[in-house]
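Undergrad: sequence plus the predicted model coming up.
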Amino acid sequence: MSDPRVIVALDFAREEDALALARQLDPQLCRLKIGKELYTASGASLVEGLIAQGYQVFLDLKYHDIPNTVAAACRVAADLGVWMLNVHALGGRAMMEAARDAVARRRDRPRVVAVTLLTSMHDADLVDVGIGGSARDEVLRLARLARECGLDGVVCSAQEAAALRQTFGPGFWLVTPGIRPAESTADDQQRIATPREAVANGADYLVIGRPIVRATDPLAALHRINDEIAR
Ligand code: C5P
C-alpha cells in the first residue's frame, strides 16, 4: 500500500511506548501522528527516529502565532522531514500564507493543513469567544480561507467532510479524526463515523488512535480497518 489512508495517533506520554507501537505496525500500512503530549515529552529526536523506521509523520502541533514565528516553525518541521503539519485557520490569512510559503520550495515539502474550529467547540463556545455564526458555517468559511491561502486541506469531522467535499471538489485534503470501527467504543468522541462512512463522505486520511493503539493486537486492528476501507 503506497499511500495508506490511516494515520495512527501516537497519543503517549513516553517515547518507549510510541516506539514499541511503531515496531508492531508497518509503514506500508499506516502513517503516524505525533501530537502535543508526545512531542513535549520526546521532541524532534523521536520524529527523526520514526522517519528513520520508514514512517511518514503528521506533526500535529496546530501552530497559531504571528506569521513570522509560524513560518519559522514550519521550516524546522520541514527540516525534520515531516510529511504533514497543521496550523489553526483562526491564525488568519497572513499566518497561513506564511506557513505555505515557508515550505513551498522544499523537495518533498510537508503538506500543510488547517484546523478550522476545534470539534470540541459548540455554538455556545463560539459566542463566548465572539464568533457569531454557527459552527457549521464557521467551519466552511475557515476552510474556504485555508484553500484561498493555498493550504493542502483541513482537519474536519467525518460529518463535516461531506459538505466540504461537495463545496471544494476533489484535491483538497480532508483529514478526519473521530473514527470508530463498528465494533469499537466511542470513548470521549462525540460524533463518530466508521472508516467506511468517513471515506464515503470524502475523507482522504483517517486519524485513528485508541481503536488501534489500545487493541490487543494493533497490527491486526489496522489490517481490519484497511480492509474495511478497501472494500
Ligand atoms: O483515540 P482517538 O481515535 O479518539 O484519537 C483521535 C486523535 O485525533 C487524537 O490524537 C485527538 O487529539 C485527535 N483529534 C481529534 N479531534 C479533532 C482533532 C484532533 O480527535 N478535532
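TA: Noted; the coordinates are in hand.

Undergrad: in this protein, where is pLDDT below threshold?
TA: 1 (pLDDT under 70).

Undergrad: how about the residues of it that lie near the ligand?
TA: Contact residues, the chain versus the ligand (C-beta under 6 Å from any ligand atom): 9, 11, 35, 118-119, 155, 177-178, 187, 189, 207-210. Every C-beta, even on glycine, is put in place using the N, C-alpha and C of the backbone.

Undergrad: so residue 29 is in which element?
TA: For residue 29, there is no helix or strand it lies in under DSSP states H and E.

Undergrad: OK, contacts around it?
TA: Contact partners of residue 29, counting by C-beta atoms under 8 Å, 6 or more residues apart in numbering, are 1, 4, 6, 219, 222, 223, 226.

Undergrad: which residues sit in contact with the closest residue to residue 207 other than its chain neighbours?
TA: Nearest residue to residue 207, sequence neighbours excluded (C-beta to C-beta, 6 or more residues apart in numbering): residue 177, at 4.0 Å. When contacts are counted by C-beta under 8 Å, 6+ apart, residue 177 touches 9, 119, 155, 157, 189, 206, 207, 208, 209.

Undergrad: count of neighbours near the third one?
TA: Think residue 155. Residue 155 has 27 neighbours, counted by other C-beta atoms under 10 Å.

Undergrad: the residue of the chain found nearest the ligand: neighbour count?
TA: Residue nearest to the ligand within the chain: residue 209 (2.5 Å; C-beta to the nearest ligand atom). Residue 209 has 20 neighbouring residues, counting by other C-beta under 10 Å.

Undergrad: could you find the closest non-adjacent residue to residue 73?
TA: Computed as C-beta to C-beta, 6+ apart, the closest residue to residue 73 that is not its neighbour in sequence is residue 63, at 5.4 Å.

Undergrad: which ones are touching that neighbour?
TA: 70, 73, 74, 85, 86, 87, 88, 91, 99.

Undergrad: hang on, the earlier thing: with secondary structure, neighbour count and distance to residue 143 added, can I get the contacts of residue 29 in CSV?
TA: Formatted as CSV, those follow (DSSP: H, G, I helix; E, B strand; the rest coil; neighbours: other C-beta atoms under 10 Å; distance: C-beta to C-beta, whole Å):
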residue, secondary structure, neighbour count, distance to residue 143
1, coil, 12, 28
4, coil, 19, 24
6, strand, 22, 22
219, helix, 15, 34
222, helix, 22, 29
223, helix, 13, 32
226, helix, 17, 27
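
Undergrad: elements contacting the helix ranked longest in the chain?
TA: Secondary structure of the chain per DSSP state H: the longest helix is helix 36-52. Applying 3 or more C-beta pairs under 8 Å, 6 or more residues apart in numbering; DSSP states H and E, we find helix 36-52 packed against helix 15-24, strand 31-34, strand 57-63, helix 67-80.

Undergrad: strand partners (parallel or antiparallel) of the shortest one?
TA: When you say that, I think you mean strand 31-34. strand 6-9 (parallel), strand 57-63 (parallel) (DSSP bridges).

Undergrad: for the longest one, what is the distance to the chain centroid?
TA: Relative to its chain's centre, strand 57-63 lies at 7 Å (C-alpha atoms, centre = their mean, to the nearest Å).

Undergrad: same question, the first one
TA: Using C-alpha atoms, centre = their mean, the mean C-alpha position of strand 6-9 is found 8 Å from that of the whole chain.

Undergrad: tell me which residues are up against it.
TA: By C-beta under 8 Å, 6+ apart, the list of residues contacting strand 6-9 from outside reads 21, 25, 29-33, 35, 58, 60, 175, 177, 195, 205-209, 212-213, 218, 222, 225-226, 229.

Undergrad: give me that answer again for 6 Å
TA: Strand 6-9 is contacted by residues 30, 31, 32, 33, 58, 205, 206, 207, 208, 209, 212, 225 when judged by C-beta atoms under 6 Å, 6 or more residues apart in numbering.
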